[in-house]
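>>> A predicted structure for the sequence below; I have some questions about it.
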Amino acid sequence: MKEIDPARVPRHIAIIMDGNGRWAKKHAMGRVLGHRKGAESVRVTVRTCRRIGIRYLTLYAFSMENWLRPEAEVRALLQLLQEYLDGEVQEMMDNDIRLVAIGSLDSLGDPILTTIREAMERTAGNQGMVLNLALSYGGRDEIVMAARSMVGDGLAGIIRPEEVTKELFARYLYTTGLPDPDLLIRTGGECRVSNFLLWQLAYTEFYFTDVLWPDFRERHLLEAIVDYQKRERRFGMTSDQLTRT
Ligand code: IPE
Ligand code: IPE
Ligand code: MG
């Protein structure tokens, strides 16, 4: 495999970590074991991204629609998240990683909410990489939430309609302060967005792989980055315009 160019790694990688259930089925295990195995891929991926100089890593860990899964699976997923945070915050400190989270976090309830808040506070000063977990996250929900608070500010006289721009709108989103993803990876073979970062993916490069999330390892991530580095991001312009600058 061709090596990645360390000078041109994506600043922000977002990952839809899909395929835990199918991995479990393939190995004649229950779905929850697939999720547990997937947590190992999260550890590997975070470590690799930090090592190769990715500045922002966003992981889709639990979608708004995932609340519709059987209660036992939802409970197990939240339990795994709790275990992950309990086990990893020290590693985040050791590796200068700052934890943030996006989504309807309040709906997670305690004790997870407190664990997340404490982990965010503890790691707030870290500068090496931002690890952003999308939890109870939905892209349309996020846009509606932003519109709602913007209307509130409008009625309160804080903003006027003519002041509403793309930049201002983005400040009302959960992702305020984070750059848009450069590369979106989806494992598990499905080619869809599943309500992830609908606003932020406007000019993101997409990479789909059949590898199931629990099988995802460093080489798969590097393959995705090599593929990304072969692409020309034109942002609506012509190729000539880009090479001339
Ligand atoms: C991704 O794996 C994990 C979450 C959505 C939380 P899935 O559980 O969706 O796995 P498949 O798609 O059923 O294989
Ligand atoms: C997307 O996977 C959500 C996460 C990875 C957290 P899903 O498995 O929920 O997506 P669909 O239902 O196949 O679109
Ligand atoms: Mg799935």
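Arrived safely. Ligands and ions are numbered 1, 2, ... in the order given.

>>> so which bits of the one helix or strand residue 220 maps to are buried?
Per DSSP states H and E, residue 220 falls inside helix 218-229. Going by neighbour count (16 or more other CB atoms under 10 Å), the buried part of helix 218-229 is 220, 221, 222, 223, 224, 225, 228, 229. Quick note: C-beta positions are derived from backbone N, CA and C, even for glycine.

>>> nearest to residue 147 among these?
Nearest to residue 147 among the buried residues of helix 218-229: residue 228, at 31.9 Å, using CB to CB.

>>> flag the shaky bits of this structure, pLDDT-wise.
Across the chain, the ranges flagged by pLDDT under 70 are 1, 245.

>>> looking at the buried residues of helix 218-229, which is nearest residue 43?
The closest of the buried residues of helix 218-229 to residue 43 turns out to be residue 221 (CB to CB; 12.6 Å).

>>> phi first, then psi, for residue 196.
Backbone torsions for residue 196, taken as degrees, to the nearest 10, come to phi -100, psi 130.

>>> which residue, other than its chain neighbours, is closest to it?
Computed as CB to CB, 6 or more residues apart in numbering, the closest residue to residue 196 that is not its neighbour in sequence is residue 60, at 5.2 Å.

>>> also residue 198?
Counting by CB to CB, 6+ apart, residue 198 lies nearest to residue 139, which is 3.3 Å off, once chain neighbours are set aside.

>>> all helices of this structure, in order?
Residue ranges of the helices in the chain, as given by DSSP state H, are 20-26, 31-52, 71-94, 112-123, 139-155, 166-171, 218-229, 239-244.

>>> burial count for whichever residue of the chain sits closest to ligand 1?
Scanning the chain for the residue nearest ligand 1 gives residue 21, at 2.5 Å (criterion: CB to the nearest ligand atom). For residue 21, the count of nearby residues is 19 (other CB atoms under 10 Å).

>>> next one: residue 138
Neighbour count for residue 138, taken as other CB under 10 Å: 21.

>>> returning to that earlier point: quick one: contacts for the residue nearest to residue 196?
14, 15, 16, 17, 134, 137, 194, 196 (CB atoms under 8 Å, 6 or more residues apart in numbering).

>>> and those, which is closest to residue 68?
When the contacts of residue 60 are compared for distance to residue 68 (CB to CB), residue 194 wins out at 12.5 Å.

>>> ok, how many other residues are close to that closest one?
Neighbour number of residue 194 under other CB under 10 Å is 15.

>>> show me the contacts for it.
Neighbour list for residue 194: 16, 18, 60, 63, 65 [criterion: CB under 8 Å, 6+ apart].

>>> what do you get for residue 164?
Residues near residue 164 by CB under 8 Å, 6+ apart: residue 150.

>>> alongside ligand 1, which residues does the chain contribute?
Counting by CB under 6 Å from any ligand atom, the residues of the chain close to ligand 1 are 17, 18, 19, 20, 21, 22, 62, 66, 77, 188, 213.

>>> want to throw those into TSV with distance to residue 239?
Shown next, in TSV, are the residues of the chain next to ligand 1 (distance: CB to CB, whole Å):
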residue	distance to residue 239
17	33
18	33
19	35
20	39
21	41
22	39
62	40
66	40
77	44
188	33
213	35
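
>>> top of those residues by neighbour count?
Most crowded among these, counting by other CB under 10 Å, is residue 213 at 28 neighbours.

>>> you'd agree that residue is up against residue 39?
No: judged on CB atoms under 8 Å, residue 213 makes no contact with residue 39 at a distance of 9.8 Å.

>>> where's the residue of the chain closest to ligand 1 relative to residue 181, distance?
25 Å (CB to CB, to the nearest Å).
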